[in-house]
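1. here is a sequence together with a model predicted from it:
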Amino acid sequence: MAGTVRATVILQPPPPQVPLTLTHRHPLNLRNVQRRFIKASSISTVNLPKTSFSSFVCSAASGEVLDDQVLTIAPLEVNTIKETCSKWEWRGYNINYLKYEGQNGQKRNPPLLLVHGFGASVAHWRRNIPTLAETSTVYAIDLLGFGASDKPIGFPYTMETWAQLILDFLEEIVQKPTVLVGNSVGSLACVIAAADAQNSLVEGLVLLNCAGGMNNKAIVDDWRIKLLFPLLWFIDFLLKQKGIASFIFERVRQRESLRNILLSVYGNKDSVDDDLIQIIREPALDEGALDAFVSIVTGPPGPNPVQLMPKIKLPVLILWGDDDPFTPLDGPVGKYFSSLPSKVPNVSLSVLQGVGHCPHDDRPNLVHEKLVPWIATLSSS
């Protein structure tokens with residue numbers, strides 16, 4: 001972003017101190033502001049009274065945030081997330097989830113439910129939860145088979161099961177109309193949930209690089225998948241041999257293997273840190289993780305989002321990283337979603353430059369710049 005000035009904001013008086021990053025093109029009209037500019041790095045340090053910060057947050061809640069103003073609070077520590085999470089019993093299984101309120105007491109916006117993608121968990125949203133919690137009550141959930149949720153051996157995982165899990169969570173835990181925010185297969189699960197015409201607990205839908213299915217077998221009209229289709233079926237056959245599956249899974253969950261995979265799907269390589277490796281690796285060591293992996297990769301791909309989206313009349317925000325090797329913009333799923341805003345009035349799209357398959361963790365500032373004002377419009381409509 002040309003002409004961007006980055007500022008680190010410290011709430012006064014300490015302790016505790018909460019670091020903030022505020023990115024803007026134009027000067028901010030804030031009282032009692034002290035800046036120390038470091039020319040070499042184009043960073044300005046700002047001492048901002050908490051009252052001024054609260055005013056800025058309130059402006060976000062009322063929809064007054066400009067597109068070039070980004071509010072990002074420091075990420076949650078992974079251990080803090082673990083300590084804050086709760087368990088919810090769903091159909092005899094324990095589901096791990098987080099409820100986070102943030103420091104600002106005024107929650108003018110609807111609650112949010114964050115739904116992770118394949119192999120991820122609640123902690124994958126660590127860079128987003130504190131920022132979003134300033135204006136919304138934030139929930140994040142570990143889908144069955146992932147994170148700290150149960151991983152039942154022999155369970156037949158399907159997209160429809162995860163969608164029902166989401167709807168039941170809204171009904172039993174949140175109990176308010178909620179905005180669903182999903183990434184990858186989490187996005188598709190949210191689409192399936194939102195397409196339920198009888199459901200009144202979904203107020204809006206945010207899709208971050210939505211998957212076309214639970215696995216790549218769904219995308220049969222992509223020439224790249226057609227070329228690999230025999231190989232995909234062969235891999236399915238191999239994974240159904242327990243010894244081979246165990247060997248492959250053991251190799252995949254090694255730290256360096258995970259790092260290389262993540263580096264290939266992230267545009268911002270600096271976001272692939274040790275915390276991210278641990279977030280993905282730790283649940284993969286649980287009993288039942290191998291069964292979940294095999295079931296998901298070899299199972300039915302589930303409903304096609306192209307068939308489901310016409311049923312959704314709710315406000316929809318699509319954020320798509322343009323450097324995604326899994327669901328590229330020029331693939332059938334990317335082309336479909338990028339064409340929607342010109343066809344239906346309830347859909348908005350922003351393409352994020354230099355961003356990979358997980359935009360919220362890859363470059364959270366770019367996501368917040370679009371997401372925070374959009375959520376504010378729901379509360380004002």
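-> That came through, no problem.
2. model confidence score at Asp68, please.
-> Per-residue pLDDT puts Asp68 at 38.
3. likewise for the one 10 residues further on?
-> pLDDT recorded at Val78 is 97.
4. so it makes contact with Leu276?
-> No. Counting by Cβ atoms under 8 Å, Val78 does not reach Leu276; the two are 9.4 Å apart. C-beta: built from backbone N, CA, C; applies to glycine.
5. mind jotting down where the strands sit in this protein?
-> Secondary structure of the chain (DSSP state E): strands located at 5-12, 19-24, 34-38, 43-49, 70-73, 86-90, 93-100, 112-115, 138-141, 178-183, 202-208, 316-321, 347-352.
6. ok, the closest residue to Glu203 other than its chain neighbours to Asn199 distance?
-> Beyond its immediate neighbours in the sequence, the residue positioned closest to Glu203 (Cβ to Cβ, 6 or more residues apart in numbering) is Pro177, lying 4.0 Å away. According to Cβ to Cβ, to the nearest Å, Pro177 stands 10 Å off from Asn199.
7. the more surrounded of Val78 and Leu276?
-> Taking neighbours as other Cβ atoms under 10 Å, Val78 and Leu276 compare with Leu276 leading, 22 against 18.
8. residue contacts, the closest residue to the more buried one other than its chain neighbours?
-> Counting by Cβ to Cβ, 6+ apart, Leu276 lies nearest to Leu262, which is 6.4 Å off, once chain neighbours are set aside. With contact taken as Cβ atoms under 8 Å, 6 or more residues apart in numbering, Leu262 is in contact with Val272, Leu276, Ile277, Ile280.
9. which of these are buried?
-> Neighbour-count burial (16 or more other Cβ atoms under 10 Å) is assigned, among those, to Val272, Leu276, Ile277, Ile280.
10. any idea how far the last one is from His360?
-> I take that to be Ile280. 15 Å.
11. quick one: residues contacting Val367.
-> Contacts of Val367 by Cβ under 8 Å, 6+ apart are Asn128, Leu208, Leu319, Leu352, Pro359, His360.
12. how close does it get to Ser257?
-> From Val367 to Ser257 the distance is 27 Å (Cβ to Cβ).
13. swap in Leu143?
-> 22 Å.
14. tell me which of the two has more neighbours.
-> Between Leu143 and Ser257, counted using other Cβ under 10 Å, Leu143 has the larger neighbour count: 24 against 14.
15. what residues are up against that one?
-> So Leu143 contacts Val115, His116, Ser149, Trp162, Leu165, Gly186, Ala189 (Cβ under 8 Å, 6+ apart).
16. one more time with 10 Å
-> For Leu143, the contact set (Cβ atoms under 10 Å, 6 or more residues apart in numbering) comprises 95-96, 115-118, 120-121, 149, 157, 161-162, 165-166, 185-186, 189, 292.
17. what is in contact with Pro177 and Asn199 at once?
-> With Cβ under 10 Å, 6+ apart as the test, Pro177 and Asn199 both reach Leu170, Leu314.
18. shaky segments in the protein?
-> Where the chain drops to pLDDT under 70, the residues are 1-72, 105, 197-198, 216-241, 380-381.
19. quick check: bridge partners of the residue nearest the centre of it?
-> For the chain, the residue nearest the mean C-alpha position is Asn183 (4.5 Å; Cα atoms, centre = their mean). Beta-bridge pairing for Asn183 (DSSP bridges): Leu208.
20. how much space separates it from Thr327?
-> Distance from Asn183 to Thr327, by Cβ to Cβ: 11 Å.
21. overlap in contacts of Val78 and Leu276?
-> Joint contacts of Val78 and Leu276 (Cβ under 10 Å, 6+ apart) are Ala123, Arg126.
22. surely Leu207 and Leu319 touch.
-> Yes. Leu207 lies in contact with Leu319 (Cβ atoms under 10 Å); the separation is 7.2 Å.
23. quick check: neighbours shared by these two?
-> Counting by Cβ under 10 Å, 6+ apart, the shared contacts of Leu207 and Leu319 are Val181, Asn183, Ser187, Leu349.
24. so who does the last one touch?
-> Read that as Leu349. Taking Cβ under 10 Å, 6+ apart, one finds 207, 316-320, 337-342, 370 in contact with Leu349.
25. ok, the third one next?
-> Contacts of Ser187 were listed using Cβ under 10 Å, 6+ apart, and they are 115-117, 180-181, 205-211, 305, 318-319, 327, 337.
26. same check on the second one?
-> When contacts are counted by Cβ under 10 Å, 6+ apart, Asn183 touches 114-118, 120, 124-125, 190, 206-211, 319, 357-361.
27. how about the helices in the protein?
-> 50-61, 78-84, 129-132, 159-169, 185-194, 223-239, 242-252, 255-265, 274-284, 289-298, 305-308, 332-339, 359-362, 364-380 (DSSP state H).
28. the fourth one: how far from the chain's middle?
-> If you compare the mean C-alpha spot of helix 159-169 with that of the full chain, they lie 17 Å apart, counting by Cα atoms, centre = their mean, to the nearest Å.
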